[in-house]
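Undergrad: Following is a predicted model, sequence given first.
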Amino acid sequence: MTDLVAAQTGTRAKVLSGLCHAIRLSAAAVAAAFQIGPLLVSSAGLSSSGLAASQTAAGSPELQGAALLEFERGARLFTRSWTLAEGLGPSYSATSCAECHSSPAAGGASSGAAQFGVVAAQEAAAPAPFATLQQSRGGKVEARPIPAAARRTRAPSLFGLGLLSTIDASAVFRLEDPLDRDGNGISGRASRVEGTLGWLGWKASVGSIEAFVRVALRSELGLVPEAVAQEGDRRDVAYELASEDVERLSRFIRGLAAPQPKWHDAVGARVFNELGCHNCHVPTIDGNTPYAYTDLLLHDMGPDLADPFSGGAQPSEFRTAPLWGLSVAGRSFLHDGRAHSVEDAILRHGGEGLRSRNAFSRLPALSRRQLMHFLAGL
């Protein structure tokens, strides 16, 4: 993964900022300026958008010029707290993107149950399917009643999406086996959204980072992006976020690097494979995304995990969640945060994951420790 720049505690990686001048800033300084915590920058995701990365004399890749400038602008938008006067609401889950995507840093997953959105079955057909937690009445913010049929939904981590976006859709389609022709009990299928691969979100219901940003702005912050305001018969709707700002947010997300493993435990990895976990959590799809551990396919996870909002998938179908960054994922797991540890999450697998779950339950104590040590390094 030579195209990644990482700034962690005790590590100062350099990035270039250029308007007309080449101004060097440490990634830690950028992180402090935008309050985004430990910063991970991927030149791969930005390069895929036509933005360039350069190499330093020491061989560490750096963002420069327009690339870093756009990343900075996107970071400001991502961490910006919106007000009612600026277009927030009238219903919303948070006042900024970073309020929900915060663990272990801005761009990460929900840090706790308080930041979960709410999905209600009766609202699934609405343009904005997420029943938000707050609303404004006459300029006053108040709690919104949670529908009885609602389910909680955890904000997923955005780290590594830029790298995943470079995967050719054909590589994912080749992994499909909806009829389980190989007899391994796994029947993953690709999500198709408007003729292209759907790969974003718990239900793989979105096909691009830009579309993901537009949906989130509208449903979670109540902000109307320019492109949404101009759709169909809604051209008279005022927009609250210009298209270039949507693109800046998208580029910021593309620039969030994939989490790197802390260590690789070959023994634990062998247990992982023996349990059959690798059939869905594929280490790499195309050879360019090592340690992603996802096939980006939809799998039936059984009725106990079924979600009333299907997003085009069956209620019990979920896209395989990438496992990279698992070691810093926080204290809640699965789409609704019901699992409070990795072991708990494994034991809640059903459907296509039931065989692996049962095998995990029968593991000797030593093998279980080896597996958990392997997962703790991701």
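TA: Structure's in. What do you need? Residues are numbered from 1 along each chain as shown.

Undergrad: If you count neighbours, what's buried in stretch 322-331?
TA: Along stretch 322-331, these residues count as buried under the neighbour rule (16 or more other CB atoms under 10 Å): 322-330. The way it works is simple: take the backbone N, C-alpha and C, and place the C-beta from them, glycine included.

Undergrad: so how far does that stretch reach from one end to the other?
TA: For stretch 322-331, the first-to-last residue distance is 16 Å (CA to CA, to the nearest Å).

Undergrad: Also stretch 157-176?
TA: Terminal residues of stretch 157-176 lie 24 Å apart, using CA to CA.

Undergrad: where are the low-confidence patches of the chain?
TA: Regions of the chain meeting the criterion pLDDT under 70 cover residues 1-64, 112-152, 227-239, 308-310.

Undergrad: Please enumerate the helices of it.
TA: Secondary structure of the chain, counting by DSSP state H: helices at 27-34, 43-47, 66-79, 97-100, 161-164, 169-173, 209-216, 226-229, 243-254, 266-274, 342-347, 354-361, 365-376.

Undergrad: Identify whichever of these lies nearest to A292.
TA: helix 161-164 (6.7 Å; CB to CB).

Undergrad: if we can go back for a sec, list just the nearest of the buried residues of stretch 322-331 to D168.
TA: P322 (17.1 Å).

Undergrad: I'd like to check which residues are in contact with the closest one.
TA: For P322, the set of contacting residues under the criterion of CB atoms under 8 Å, 6 or more residues apart in numbering consists of 160, 164, 292-294.

Undergrad: Next, find the distance separating the closest residue to it other than its chain neighbours from S332.
TA: Closest residue to P322 apart from its sequence neighbours, by CB to CB, 6 or more residues apart in numbering: T294 at 4.2 Å. Separation of T294 from S332 (CB to CB, to the nearest Å): 19 Å.

Undergrad: Equivalent analysis for G160, please.
TA: Here G160 is placed at a distance of 19 Å from S332 (CB to CB).

Undergrad: Please tell me I have it right and I285 contacts D295.
TA: Yes: if you go by CB atoms under 8 Å, I285 and D295 touch, sitting 6.5 Å apart.

Undergrad: Identify the contacts common to these two.
TA: Taking CB under 8 Å, 6+ apart as the contact criterion, the common neighbours of I285 and D295 are 172, 175.

Undergrad: Pick out whichever of these two has more residues nearby.
TA: For I285 and D295, the more surrounded residue by other CB atoms under 10 Å is D295, and the numbers stand at 24 against 19.

Undergrad: got the contact list for Q314?
TA: Q314 makes contact with 298, 300 under the criterion CB under 8 Å, 6+ apart.

Undergrad: Give me the distance between it and P90.
TA: 32 Å.

Undergrad: Check A105 too.
TA: According to CB to CB, A105 and P90 sit 30 Å apart.

Undergrad: just L297 next, same as before
TA: 37 Å.

Undergrad: Could you measure from T196 over to F212?
TA: Per CB to CB, T196 is found 13 Å from F212.

Undergrad: I'd say the residue nearest to P322 and P283 touch.
TA: No: T294 lies out of contact with P283 (CB under 8 Å); the separation is 9.3 Å.

Undergrad: of the two, who's got more company?
TA: Neighbour count, other CB under 10 Å: between T294 and P283, T294 has more, with 23 against 17.

Undergrad: re the thing from before, so for G160 and S332, which residue has more residues nearby?
TA: Relative neighbour count places G160 above the other of G160 and S332, with 27 against 23, counting by other CB under 10 Å.

Undergrad: nearest spatial neighbour of that one, skipping sequence neighbours?
TA: With sequence-adjacent residues excluded and distances taken as CB to CB, 6+ apart, G160 is closest to A258, at 3.4 Å.

Undergrad: wait, isn't that neighbour in contact with Y293?
TA: No: using CB under 8 Å, A258 is not in contact with Y293; the gap is 11.0 Å.

Undergrad: Give the intersection of the neighbour lists for the two.
TA: When CB under 8 Å, 6+ apart defines a contact, the residues bordering A258 and Y293 alike are W324.

Undergrad: burial count for the nearest residue to R73 once chain neighbours are set aside?
TA: Of all residues beyond its chain neighbours, the one nearest R73 is R248 (4.7 Å), with distances taken as CB to CB, 6+ apart. Neighbouring residues of R248 were enumerated by other CB under 10 Å; the total is 23.

Undergrad: can you count the residues close to F173?
TA: Applying other CB under 10 Å, I find that F173 has 14 neighbouring residues.

Undergrad: Could you count how many residues lie near the residue nearest to V271 when sequence neighbours are not counted?
TA: In space, and not counting its chain neighbours, V271 is closest to L371: 4.4 Å by CB to CB, 6+ apart. Burial of L371 is recorded as 25 neighbouring residues (other CB under 10 Å).
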